[in-house]
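>>> Okay, predicted coordinates and the sequence, questions at the end:
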Amino acid sequence: MWAATPAARRACTRLGASGLLRGHTEALVRTVSSFPLHMEPAGSAVSRMETGTGVGARADTSWGLTRLWPSVRRLLTESGLDPATIIPSGPRGTLVKGDVLAAMGLCAPPMPSRAAAAQVITPADVVIPVAAKMTTAAPRAAAPPVAAPLAAREDEASPYDDVRVTSVRKIIAARLLESKTTNPHEYFTADVSLAGVATLRAELKAAGVRASVNDCVVYAASRALAASPKVNATWDDAKGVAVPHDSVDIAIAVSIDGGLITPVVRGAHAMSLTAIGGEVRQLAGRAREGKLKPHEYTGGSFSVSNLGMFAVDHFSAILNPPQGAIMAVGRGVDRVVLGADGAPAAAPFMSVTVSADTRVADAADVARFIDAFRDQIESPKGSAWVM
C-alpha cells in the first residue's frame, strides 16, 4: 500500500460517494481499491465514519461526515464518541461542534439547519460505498450513554418557583421609581437621645398608660412640624409651587401582606400622646385587615417610616409624593456618654434621617425642623404629652 497525497485521498473519497453512476461501478471498484481512503488508524471511529461502515452511516459521505473541523475531530477523539451515532445539524448533514458537545451532555442540542432538518435519513436510505467492503477492522465498542443536558430534562421539577408581582407591589414600585427619578431628594441625618422617652414610658407604664417609642416619635414630629411650616408642606406639580398645610397630617408607613400602606393620622399636632398611640394602633390594625377606606390612607403632609423594631440602625426613605418630606427612624441603641459628674455612662440613642424635596424646603428649613424634633423627644413634658 503506497502513500497517497491529501488531494488524491479527497478525490478518492468523492469518487467512493458518487460511484453509483451508471457505467462507472467496475472502474470505481478498481480505482478505490488501490488507494487508502483516510489517514486515521484502521478501526477508529473516524475511520469507520469516513468509509461508511459505522452504525447509521450516511449516504452523503462526500460532505457531511468526511469533512470535519479539527475541533470536531479533537472532541470526538477525547470523548470516545462514535460520530456515526450522533445526529448532525450542520448544512448538508455536517457534524458540528455543538452536536458533539450535546452528545457529551454539555449543552442543549443545536437547532438543525434547514437542509439538515429537511433531510431525514432512514435505514432504507443508507448506502455503503463499495470501498467499505475492504475494511476489516473490528467495530469499536459503543460509547456509554451520556446524560441528557439539564435543559432537556422537562420531566424534572424546577428547583425554584416564580413569584408573580402583585398589583399592589407594581403600583408601589411605579410610584417609588417616579418619586426617586423626578423629585430632587436631599438627606439629613441626626442622632437623638431616648433617655427622656425611656423615663416617660416607665412613668406611664406605672400609671397603667401604654405608649410606644413610635407613639413618642409621631408626637414629637407633630409638634416640630407645627413649628416648621415649610417642612409641613406638599408640592403642587401642576402649578409648580409648594403648598404649606395648616393641619399636621402624618402618614405612618405600615407593612401589610403584599406591600406597604400609609394610613394618615390627621390633626396630630392637636392630639395627646395617648390619643396618637390609640389612633396609630387602630389604623394599623385595620390596614392589616384590609379594611381602610381610601380617605384614610391618602393625603398627608408628612410621613414617618419606623424600622426601630428591627436591627436597622439607620436608613433613607424615598419621598411619598406630593409630600415634601419623610422621616426614617432607626432602632435605639445604647452608647457611652459622659454623665453630669463626668463619669462614663450608657444612654439610649436613635438615628433619624429626613428626606426632603428641595423644591419644598431647603437645607436650613429641614435643619430647624430636626432641632425642634430633638428638643421635643429629648425633653418630654409629662403632662403636656399625655393630656
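In hand now; what should we look at? Numbering: from 1, shown residues only.

>>> tally of neighbours for Arg288?
For Arg288, the neighbour count with other Cβ atoms under 10 Å is 14. Every residue, glycine included, has its C-beta placed from N, CA and C.

>>> Can you name the residues that contact the spatially closest residue to it that is not a sequence neighbour?
Taking Cβ to Cβ, 6 or more residues apart in numbering as the measure, Arg288 lies nearest to Ile256, with 5.3 Å between them; neighbours along the chain are not counted. Contacts for Ile256 (Cβ atoms under 8 Å, 6 or more residues apart in numbering) come out as Ala287, Arg288, Gly290.

>>> Give me the local confidence score for Ile256.
With respect to pLDDT, Ile256 has a value of 87.

>>> For it, list each beta-bridge partner.
Gly259 (DSSP bridges).

>>> how close does it sit to Leu307?
15 Å (Cβ to Cβ, to the nearest Å).

>>> where's Gly196, which helix or strand?
Counting by DSSP states H and E, the element that carries Gly196 is helix 195-206.

>>> no wait, Ile276
Short version, using DSSP H and E: Ile276 is in helix 273-288.

>>> now could you export just the CA positions of stretch 172-192 as CSV?
C-alpha atoms of stretch 172-192 as CSV (Å, rounded to 0.1, in the frame of the first residue of the first chain):
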residue,chain,number,x,y,z
ILE,A,172,-45.7,50.9,44.9
ALA,A,173,-42.7,50.2,42.6
ALA,A,174,-44.0,52.6,40.0
ARG,A,175,-44.7,55.4,42.5
LEU,A,176,-41.3,54.9,44.2
LEU,A,177,-39.5,54.9,40.8
GLU,A,178,-41.3,58.1,39.7
SER,A,179,-40.6,59.8,43.1
LYS,A,180,-36.9,58.9,43.1
THR,A,181,-36.3,60.0,39.5
THR,A,182,-38.5,63.1,39.4
ASN,A,183,-38.3,64.6,42.9
PRO,A,184,-35.0,66.2,44.0
HIS,A,185,-34.1,64.4,47.2
GLU,A,186,-31.9,65.8,49.9
TYR,A,187,-31.0,63.8,53.1
PHE,A,188,-30.3,65.0,56.7
THR,A,189,-29.3,62.6,59.5
ALA,A,190,-29.1,63.2,63.2
ASP,A,191,-28.8,61.2,66.4
VAL,A,192,-31.2,61.9,69.3
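
>>> contacts for it?
165, 235, 259-260, 314, 316, 318-321, 349-359, 363, 366-367, 370, 373-374, 377-378.

>>> Just the buried residues of those.
235, 314, 318-321, 349-357, 366, 370, 373-374, 377 (16 or more other Cβ atoms under 10 Å).

>>> Sort out for me which of those residues are in strands.
Trp235, Phe349, Met350, Ser351, Val352, Thr353, Val354, Ser355, Ala356, Asp357 (DSSP state E).

>>> Can you say which two of the residues you listed are spatially most distant?
Based on Cβ to Cβ, the longest span within those runs between Trp235 and Phe349 and measures 32.1 Å.

>>> Tell me, what's the model's pLDDT at the closest residue to Ala268 other than its chain neighbours?
Spatial nearest neighbour of Ala268, chain neighbours left out: Ser222 (3.8 Å); criterion: Cβ to Cβ, 6+ apart. For Ser222, the pLDDT comes out at 97.

>>> Ser222 contacts Val248, doesn't it?
Yes - assessed by Cβ atoms under 8 Å, Ser222 is found in contact with Val248 at 4.9 Å.

>>> quick revisit: does anything pack onto the helix holding Gly196? Which helices or strands?
helix 213-226, strand 344-357, helix 363-378, helix 382-386 (3 or more Cβ pairs under 8 Å, 6 or more residues apart in numbering; DSSP states H and E).

>>> got the angle for that helix vs strand 344-357?
100 degrees (axes from the mean of the first three to the mean of the last three Cα atoms, to 10 degrees).
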